[in-house]
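Q: Next comes the sequence, and after it the predicted model I'd like to discuss.
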Amino acid sequence: MKWSLQGEMIVNCNCEVFCPCVISLGQHLPSEGHCQAWFGVRIDQGHADDTDLSGLNVALLMDIPGKMSRGNYALAGYIDERASDAAYNALVDIFSGQAGGTSSLLSILVSTVLGFERAPVEYVNDGDVRRLGVGKKILGEVAPISGKQPGEPVRITNSEYWPSSDITVARASRGRVRAYGRVWDFDNRSAEILAMDWRS
């Protein structure tokens, strides 16, 4: 399958300050020794073969028992209820790593897929603030942290972080998960904003 996604991703995890995995590429332990995180994806432009993926949203949760580089992830996903059957299947393949390309690492690191399902996934940009909502299952709000230059956020550039080489450092004002037996509250914890350009 030939595919590409361009858009934006937000992440909120249980790390207290900023996720050390971004710079260490998973070699350093998360700040609490394990990683629990939710992700929101806004697809501005995208396709899988002849199937249009533009305008769809995706939400994920990941539960990782130790160093990110050691794998054994548990993964669950919510695919925009507006997706056609072909788009839904393509997005499941992409976000489970089965479609190859940028996200192929997930096919190695994820040992347990808890499930994928259709849901109303809302991804809202409100100025600098990004909000994600999947009913009462995932409720998140993140915003960049300010840097020395007024109005300019803190950024990490030219990294080897696989989702994106450029990361805007953010913090979550809200980060709530009530899904797949997970009860997580990550308010005021680490967050990221990433520009996505993924492809096969």
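A: Sure thing, it's come through. What you see is a predicted model; the values in this text were computed from it and never measured.
Q: Run through the bridge partners of the residue nearest to the spatial centre of the chain.
A: The centroid of the chain falls nearest to Phe39 when counting by C-alpha atoms, centre = their mean (3.0 Å). Per DSSP bridges, the residues bridged to Phe39 are Val11, Leu60.
Q: Verify the stated contact: it with Ala76.
A: No: contact between Phe39 and Ala76 fails when scored by C-beta atoms under 8 Å: they sit 10.6 Å apart. (C-beta placed from N, C-alpha, C; glycine too.)
Q: shared neighbours, these two?
A: 60-61 (C-beta atoms under 8 Å, 6 or more residues apart in numbering).
Q: one step back: and the pLDDT at the residue nearest to the centre of the chain?
A: As predicted, Phe39 sits at a pLDDT of 98.
Q: same thing with Val17?
A: Per the predicted model, pLDDT is 87 at Val17.
Q: Give the full set of residues in contact with it.
A: Contact analysis of Val17 by C-beta under 8 Å, 6+ apart lists 31, 190.
Q: ok, now Gln6?
A: Contacts of Gln6 (C-beta under 8 Å, 6+ apart): 43-46, 196-198.
Q: Quick check: buried residues in the host helix or strand of Arg176?
A: Assigned by DSSP states H and E, Arg176 belongs to strand 167-179. Across strand 167-179, burial judged by 16 or more other C-beta atoms under 10 Å covers 167-172, 175-177, 179.
Q: partners of that strand, with directions?
A: strand 138-144 (antiparallel), strand 155-156 (antiparallel), strand 182-185 (antiparallel), strand 190-199 (antiparallel).
Q: Now the lowest-mean-pLDDT helix or strand in the chain: buried residues?
A: Counting by mean pLDDT, DSSP states H and E, the chain has its least confident helix or strand at helix 21-24, which shows a mean of 88. Buried residues in helix 21-24, counting neighbours by 16+ other C-beta under 10 Å, are found at 21-22.
Q: With stretch 110-122 instead?
A: 110, 113-114, 116, 119, 121-122.
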